[in-house]
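S.K.: What shape does this take:
(one chain, ligands or ions: 2)
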Amino acid sequence: MKSLVQKLVETPGPSGFEYEIRDVIREAISDFADEIRVDTLGNLIARKGAKSGKGVRVMVSAHIDEIGLMATHISEEGFIRFTNIGGINPLTCYGGRVLFMNGTRGVIGMEGVEAGKTPKLSNLFIDVGATSKEDCPVKVGNVCGFERPFLDLGKRWVAKSMDDRIAAVIAIEALKRIEKTPHEIFFVFSTQEEVGLRGATTAAYGVDPDVGFAVDVTRSGDTPKPSAKMATALGDGAAIKVRDASFIADPRLVDFMVKTAEDADIPYQLEVLEAGGTDGRAIQLTRSGVPAGCISVVCRYIHSPSEMVDADDVENSIKLLVKLLSNEIVL
Ligand code: CO
Ligand code: ZN
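M.R.: Residues are numbered from 1 along each chain as shown. Ligands and ions are numbered 1, 2, ... in the order given. Here you go, the predicted structure:
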């Protein structure tokens, strides 16, 4: 599984440009899904199982896009100015390396920041080693992601875009491990989450589920001096979302998720996230409304090039998802 994590986090795919990562995931699931399709927004949708007995149609959503940068202007000297795709903190950029979808690599430079002041995106630029606008291989509108290799620290794993490739790994593993299910399950590897849950919005409409689960990362409250008190911690288990800023998980579904975890002896923690959203919102608000919940993986340093998760949390999230999808869902 670790090699799958590495492959997924090292494949670029800023929001709207998920074609490479989609191909990698399609390859990984092709032997395990009953049917695979790609919709207009580029969501990869894999069906497993058919409805029987008390089964329902379930949507599981893990987003495969990542935060990135888009070129807005190339100077005569060949420097690239850029805007953000999704939530980019300028503090995490300086000195970082980027990889454009056309294969061009570069570094992020900074200028004009007063001592003691925090940089803005407008203080930053990308240097790809070009000497003029003419020999710059990047054009306006080209996109890049951060480039950083997977780091295995044993129990803890670090990479750019753990948000949300670790959830894609969880969905892929669940798809592989489910042996018997009464449900018709649609695993959606969604696009454009970081710019506003856009892929999951059309995917949920198309799948028309009876119930849905997002899988995503959430913040941790276990660093030296967290500014906001948060109960989640690395290694404390799969996080069951109660709410985030985008939706309130269906309380009946939260209770069912908790009971499922307890009955199966799967370590879990409850998550209340005050800022940030997930595909759960898009599922909940589709058509005339759908009961939706979310399994979260607690993650440190979200939206930096070094996002850290706990290997046991990942395994426990897979176990919980498999359990949830293998038996009748009681609300
Ligand atoms: Co994110
Ligand atoms: Zn995410």
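S.K.: Any residues of the stretch 51-200 of the chain in contact with ligand 2? List them.
M.R.: Asp163, Asp164 (Cβ under 5 Å from the ion). Every C-beta, even on glycine, is put in place using the N, C-alpha and C of the backbone.
S.K.: now the strands for the stretch 51-200 of the chain?
M.R.: Shown for the stretch 51-200 of the chain, the strands assigned by DSSP state E, counting those that start in this stretch span residues 57-63, 68-74, 80-85, 97-100, 105-110, 124-127, 143-146, 151-152, 156-159, 184-190.
S.K.: Report all helices and strands that the third one contacts.
M.R.: This points to strand 80-85. strand 68-74, strand 124-127 (3 or more Cβ pairs under 8 Å, 6 or more residues apart in numbering; DSSP states H and E).
S.K.: so which of those comes closest to Thr260?
M.R.: strand 68-74 (35.6 Å; Cβ to Cβ).
S.K.: Walk me through which strands the closest one pairs with, and which way each runs.
M.R.: strand 80-85 (antiparallel), strand 143-146 (antiparallel) (DSSP bridges).
S.K.: which one of the ones you listed is the most hemmed in?
M.R.: Among the strands paired with strand 68-74, the stretch with the highest mean neighbour count (mean count of other Cβ atoms under 10 Å) is strand 143-146, at a mean of 25.
S.K.: What lies in contact with that one?
M.R.: Outside strand 143-146, the residues that touch it by Cβ atoms under 8 Å, 6 or more residues apart in numbering are 12-14, 16-17, 66-71, 85, 96-101, 104, 106, 126, 160-161, 305.
S.K.: Just the buried ones from the residues you listed?
M.R.: For the contacts of strand 143-146, a burial check counting by 16 or more other Cβ atoms under 10 Å picks out 12-14, 16-17, 66-71, 85, 96, 98-101, 104, 106, 126, 160-161, 305.
S.K.: Give me the nearest residue to the residue most central in space within the chain, chain neighbours excluded.
M.R.: Geometric centre of the chain, nearest residue: Asp164, 1.8 Å, by Cα atoms, centre = their mean. Closest residue to Asp164 apart from its sequence neighbours, by Cβ to Cβ, 6 or more residues apart in numbering: His63 at 4.6 Å.
S.K.: The one you found: neighbouring residues, count only.
M.R.: His63 has 30 neighbours, counted by other Cβ atoms under 10 Å.
S.K.: Report the secondary structure state of Lys323.
M.R.: In terms of secondary structure, Lys323 is helix; the call rests on DSSP: H, G, I helix; E, B strand; the rest coil.
S.K.: I meant Gly206, not that one.
M.R.: helix.
S.K.: ok, it to Lys323 distance?
M.R.: Separation of Gly206 from Lys323 (Cβ to Cβ, to the nearest Å) stands at 26 Å.
S.K.: just Thr72 next, same as before
M.R.: From Thr72 to Lys323 the distance is 47 Å (Cβ to Cβ).
S.K.: So between the two, which is more surrounded?
M.R.: Using other Cβ under 10 Å, the more surrounded residue of Thr72 and Lys323 is Lys323, with 17 against 12.
S.K.: Do you know the pLDDT at that one?
M.R.: With respect to pLDDT, Lys323 has a value of 98.
S.K.: ok, now Lys225?
M.R.: 89.
S.K.: before we move on, what SS does it have?
M.R.: What three-state DSSP gives for Lys225 is coil.
S.K.: quick one, phi/psi of it?
M.R.: With angles defined as degrees, to the nearest 10, Lys225 sits at phi -140, psi 70.
S.K.: before we move on, back to that, show me what contacts the residue nearest to Asp164?
M.R.: By Cβ under 8 Å, 6+ apart, the residues touching His63 are 164, 167-168, 189-194, 199-200, 216, 279.
S.K.: Make CSV out of those and add pLDDT.
M.R.: Output for the contacts of His63, formatted as CSV (pLDDT from 0 to 100):
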residue, pLDDT
Asp164, 97
Ala167, 98
Ala168, 98
Phe189, 98
Ser190, 98
Thr191, 98
Gln192, 98
Glu193, 98
Glu194, 98
Gly199, 98
Ala200, 98
Asp216, 98
Asp279, 98
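S.K.: Tabulate those residues in JSON lines, adding columns for distance to Pro251.
M.R.: As requested, these are arranged in JSON lines below (distance: Cβ to Cβ, whole Å):
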{"residue": "Asp164", "distance to Pro251": "24"}
{"residue": "Ala167", "distance to Pro251": "23"}
{"residue": "Ala168", "distance to Pro251": "27"}
{"residue": "Phe189", "distance to Pro251": "28"}
{"residue": "Ser190", "distance to Pro251": "24"}
{"residue": "Thr191", "distance to Pro251": "29"}
{"residue": "Gln192", "distance to Pro251": "28"}
{"residue": "Glu193", "distance to Pro251": "24"}
{"residue": "Glu194", "distance to Pro251": "27"}
{"residue": "Gly199", "distance to Pro251": "26"}
{"residue": "Ala200", "distance to Pro251": "21"}
{"residue": "Asp216", "distance to Pro251": "19"}
{"residue": "Asp279", "distance to Pro251": "19"}
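S.K.: ok, so of those residues, who is nearest Gly78?
M.R.: Using Cβ to Cβ, the contacts of His63 come closest to Gly78 at Glu194, 28.2 Å.
S.K.: Roughly how far does that closest one sit from Arg37?
M.R.: 23 Å.
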